[in-house]
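Novice: following is a predicted model, sequence given first.
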Amino acid sequence: MNFLKKLSGRSDRSRASALFAVAAFLLVLSSSACANAQQEATKTEETKTTNKTQLSQSEKALKTRQYTEMMRSVFTFVEQNYVDEVDPTVLYEGAMKGIMDALGDPYTVYLDTSQMRSMTDTTVGNFGGVGLSISKAPVSTPEKPAYVEVVSPIENTPGWKAGIQAGDLILSIDGTNTADITMDEVLALLRGEVGKSVKVHMKRGKNMEYDVTLVRAIIEVPTVKYEMIGSDIGYLRIIEFTPQTPERVQEALDSFAKSGYKSLIIDLRNNPGGLITSVVSVADKFIDSGTIVSTKSRLQSENMSFTAKKANTTAPRNMPIVVLINKGSASASEILSGALKDDHLAYLVGENTYGKGSVQQVIPLNLNNDGIKLTTARYYTPSDSNIDKVGIPPDREVLFPVLSEEEEKTYLKIFQSDEISKYVEAHPNMTQADIAAYAKTLKKTYNLEERVLRKLVSNEVYRTKTQPLYDLDFDIQLVAAIDILRKESFPSLMRKTKTISELQQEAKQKAEKEKKAEKKN
């Protein structure tokens, strides 16, 4: 009692009253829960059936009611009895974040007022930022820090022009460790006044770390770009799936038709996804029948199948198509590449995709103009395969060369110096020939491939203006796609392709064999 008196500084009477209040509160909670449990148990006993599923549902409903009542009671008790005055909004937002984080799903999150506003700005396509689509694991541990991962850079934005790539990690922003902060805090640090700079510390691969300063700009989210490669190949880059994307894709196909294209390259690299309705409309231009994608959920209303209609197909059915993919191809871009692959309409070139096979809904809560983003379903390709967390493998893997440890040091040295920027500033209006010539000069000093040096120079030349749509000197994946269309028998290649379901089954069987072999050893 003396200890309590020293700690609280209250009189015996007030202290006793407080302790009585706490005891009464806990007694009420316990009595209420027991009473409810007794009532439910009685009801359950009276309506007992042999159906275990019904019993399980009844028990679950009871638990849900008990937890809901307890949360409401604890919320009120904390708000009224905590040592300092508490803002109910702080408790509410903390509880909402906790509920979402408990699911362990990086795509299921609580969105406070500012986040809902930011999401609206992003959807509309105008906000001050650095142009990076990012993700972050909900839980951070010392063994596995939840650093921010770049899903894909948005084309012609500060992050893209700085050479940041899909898969890069953002370790810190203006000195703040990203593993220790929430996603909304990350967004708040990256976004800000247009023209102001932000310094990010990046990590690529196992060892390469570097700092880069990005100047915030108005981010206008583009959708589609297109151009002919020579007189025979249509090159279609889909940057994101928005409501305008299907119309822009049709414009591209019409333009290619007028130019007399014979084959098509669809570039989905670094495409983070977008609207499912948009990607279905795009896929329908190539697929004339059958399933494009289906969604499955425990909610009947979320179980849907999107089918192709021949009347909507505008691309020639037998047109040779190569789709470029990489680890920045996610969500809706995986729906398109998966549908074309399973329907044996396209040959996939590049790298394994990101692996986001889930569907989210943004639900406004209308209390503080906040909301939640909730995963409500998973999507399946036409061969009934879900690619969540595994992605889609290419039919032909083409990887950009990985720098050696020594090359990484050289790359960092030139990247962090101002040698290239000074040269470009002194030589305005450099042509592709000028860029190649300067790269040869740099090669004498820096032990890097000319292809890499050309890219560094090119990034600096086009830092303040729009880059060419494609770069055949640097882009070995695009060059591989062109070679396939011009030099190989496309029908022969397509006969050897497998559906995603077949590939997943093969991978499963291989893993089982390896597991059995390990047990024998």
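Specialist: Yep, it's here.
Novice: show me the contacts for residue 238.
Specialist: 223, 224, 245, 249, 266, 267, 268, 271, 282, 333, 336 (Cβ atoms under 8 Å, 6 or more residues apart in numbering). For glycine as for every other residue, the C-beta is placed from the backbone atoms N, C-alpha and C.
Novice: look up how far residue 512 lies from the residue nearest to residue 453 when sequence neighbours are not counted.
Specialist: Counting by Cβ to Cβ, 6 or more residues apart in numbering, residue 453 lies nearest to residue 439, which is 4.1 Å off, once chain neighbours are set aside. According to Cβ to Cβ, to the nearest Å, residue 439 stands 49 Å off from residue 512.
Novice: residue 316 too?
Specialist: With Cβ to Cβ as the criterion, residue 316 and residue 512 are 42 Å apart.
Novice: more neighbours: which of those two?
Specialist: residue 316 (15 against 10; other Cβ atoms under 10 Å).
Novice: for that one, give me phi and psi.
Specialist: phi -60, psi 130 (degrees, to the nearest 10).
Novice: kindly report the same for residue 171.
Specialist: Note on residue 171: backbone dihedrals following degrees, to the nearest 10 are phi -80, psi -40.
Novice: how about it, nearest residue that isn't a chain neighbour?
Specialist: Residue 171's closest residue in space is residue 201 (Cβ to Cβ, 6+ apart), at 4.7 Å.
Novice: so which strand or helix has the one you found?
Specialist: According to DSSP states H and E, residue 201 maps onto strand 197-204.
Novice: now for that strand, which elements pack on it?
Specialist: strand 169-173, helix 183-190, strand 208-215 (3 or more Cβ pairs under 8 Å, 6 or more residues apart in numbering; DSSP states H and E).
Novice: in CSV, list these along with mean pLDDT.
Specialist: Below are those laid out as CSV (pLDDT from 0 to 100):
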stretch, mean pLDDT
strand 169-173, 96
helix 183-190, 87
strand 208-215, 92
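Novice: what's the most buried one of these?
Specialist: Most buried of those, by mean neighbour count (mean count of other Cβ atoms under 10 Å): strand 169-173, with a mean of 20.
Novice: quick one: that one to chain centroid distance?
Specialist: 16 Å (Cα atoms, centre = their mean, to the nearest Å).
Novice: what mean pLDDT does whichever helix or strand comes after that strand get?
Specialist: Later in the chain than strand 169-173, the nearest helix or strand by DSSP H and E is strand 176-177. Mean pLDDT, strand 176-177: 95.
Novice: nearest to residue 374, of the helices and strands packed on strand 197-204?
Specialist: Checking the helices and strands packed on strand 197-204 against residue 374 by Cβ to Cβ gives helix 183-190 as the closest, at 15.1 Å.
Novice: circling back to that earlier point, show the buried residues in the contacts of residue 238.
Specialist: 223, 224, 245, 249, 266, 267, 268, 271, 282, 333, 336 (16 or more other Cβ atoms under 10 Å).
Novice: just those now: which is nearest residue 382?
Specialist: Among the buried ones among the contacts of residue 238, and counting by Cβ to Cβ, the member closest to residue 382 is residue 336, at 11.7 Å.
Novice: wait, isn't the closest one in contact with residue 282?
Specialist: Yes: between residue 336 and residue 282 there is a contact under Cβ atoms under 8 Å: 6.2 Å.
Novice: please name the nearest non-neighbouring residue to residue 93.
Specialist: Per Cβ to Cβ, 6+ apart, closest to residue 93 is residue 112, 5.7 Å.
Novice: the one you found and residue 370 touch, don't they?
Specialist: Yes: judged on Cβ under 8 Å, residue 112 makes contact with residue 370 at a distance of 5.2 Å.
Novice: give me the common contacts of these two.
Specialist: Common neighbours of residue 112 and residue 370 (Cβ under 8 Å, 6+ apart) are residue 93.
Novice: hang on, the earlier thing: closest to residue 173 out of the buried ones among the contacts of residue 238?
Specialist: Using Cβ to Cβ, these come closest to residue 173 at residue 271, 24.5 Å.
Novice: still on that earlier bit, neighbours of the residue nearest to residue 93, just the number please.
Specialist: 19.
Novice: list the contacts of it.
Specialist: Residue 112 sits in contact with 93, 184, 368, 370, where contact means Cβ under 8 Å, 6+ apart.
Novice: for the third one, helix, strand, or coil?
Specialist: Per DSSP: H, G, I helix; E, B strand; the rest coil, the secondary structure class of residue 368 is coil.
Novice: hang on, isn't it packed against residue 87?
Specialist: No: taking contacts as Cβ under 8 Å, residue 368 lies outside contact range of residue 87: 11.8 Å.
Novice: the two: which has the busier surroundings?
Specialist: residue 368 (12 against 9).
Novice: can you pull the phi/psi pair for that one?
Specialist: Dihedral angles phi and psi of residue 368 (degrees, to the nearest 10) take the values phi -120, psi 30.
Novice: now residue 67
Specialist: phi -70, psi -40.
Novice: all helices of the stretch 301-450 of the chain, in order?
Specialist: Assigned by DSSP state H, counting those that start in this stretch, the stretch 301-450 of the chain shows helices spanning 332-342, 405-416, 419-426, 432-443, 450-461.
Novice: do the same with the stretch 1-150 of the chain
Specialist: Going by DSSP H, counting those that start in this stretch, the stretch 1-150 of the chain shows helices at 2-8, 12-46, 52-81, 88-101, 113-124.
Novice: next, the angle from the third one to helix 88-101.
Specialist: For helix 52-81 and helix 88-101, the angle between their directions (axes from the mean of the first three to the mean of the last three Cα atoms, to 10 degrees) works out to 150 degrees.
Novice: and residue 231, how many neighbours?
Specialist: 9.
Novice: lowest average pLDDT across the helices of the stretch 1-150 of the chain?
Specialist: helix 2-8 (a mean of 32).
Novice: check contacts around the closest residue to residue 222 other than its chain neighbours.
Specialist: In this structure, residue 222 finds its nearest non-sequential neighbour in residue 239, 5.0 Å apart by Cβ to Cβ, 6+ apart. Residues counted as contacts of residue 239 (Cβ under 8 Å, 6+ apart) are 154, 155, 221, 222, 223, 224, 225, 270, 271.
Novice: so what touches stretch 241-260?
Specialist: 125, 221, 223-224, 226, 228, 231-232, 234, 236, 238, 264, 271, 273-275, 277-279, 281-282, 285, 314-315, 332-333.
Novice: what's the offset of that stretch from the middle of its chain?
Specialist: On Cα atoms, centre = their mean, the centre of stretch 241-260 falls 25 Å from the chain's centre.
Novice: mind listing what's buried in it?
Specialist: Buried-residue list, stretch 241-260, by 16+ other Cβ under 10 Å: 241, 242, 245, 246, 248, 249, 250, 252, 253, 256.
Novice: least confident of these?
Specialist: residue 242 (90).
Novice: residues touching the residue nearest to residue 304 when sequence neighbours are not counted, list them.
Specialist: Closest residue in space to residue 304, ignoring its immediate chain neighbours: residue 295 at 5.0 Å, by Cβ to Cβ, 6+ apart. Contact analysis of residue 295 by Cβ under 8 Å, 6+ apart lists 276, 302, 303, 304, 305, 359, 377, 378, 379, 380.
Novice: which SSE is residue 295 in?
Specialist: Judged by DSSP H and E, residue 295 forms part of strand 291-296.
Novice: output the lowest mean pLDDT helix or strand found in the chain.
Specialist: Counting by mean pLDDT, DSSP states H and E, the chain has its least confident helix or strand at helix 2-8, which shows a mean of 32.
Novice: ok, the closest residue to residue 208 other than its chain neighbours - how many residues close by?
Specialist: Spatially, and ignoring its direct neighbours in sequence, residue 208 is nearest to residue 408 (4.7 Å; Cβ to Cβ, 6+ apart). Applying other Cβ under 10 Å, we find 19 residues neighbouring residue 408.
Novice: hmm, residue 408 is touching residue 207, no?
Specialist: Yes: assessed by Cβ under 8 Å, residue 408 is found in contact with residue 207 at 6.3 Å.
Novice: which elements pack onto the host helix or strand of residue 511?
Specialist: Per DSSP H and E, residue 511 falls inside helix 500-520. Helices and strands touching helix 500-520, by 3+ Cβ pairs under 8 Å, 6+ apart, are helix 332-342.
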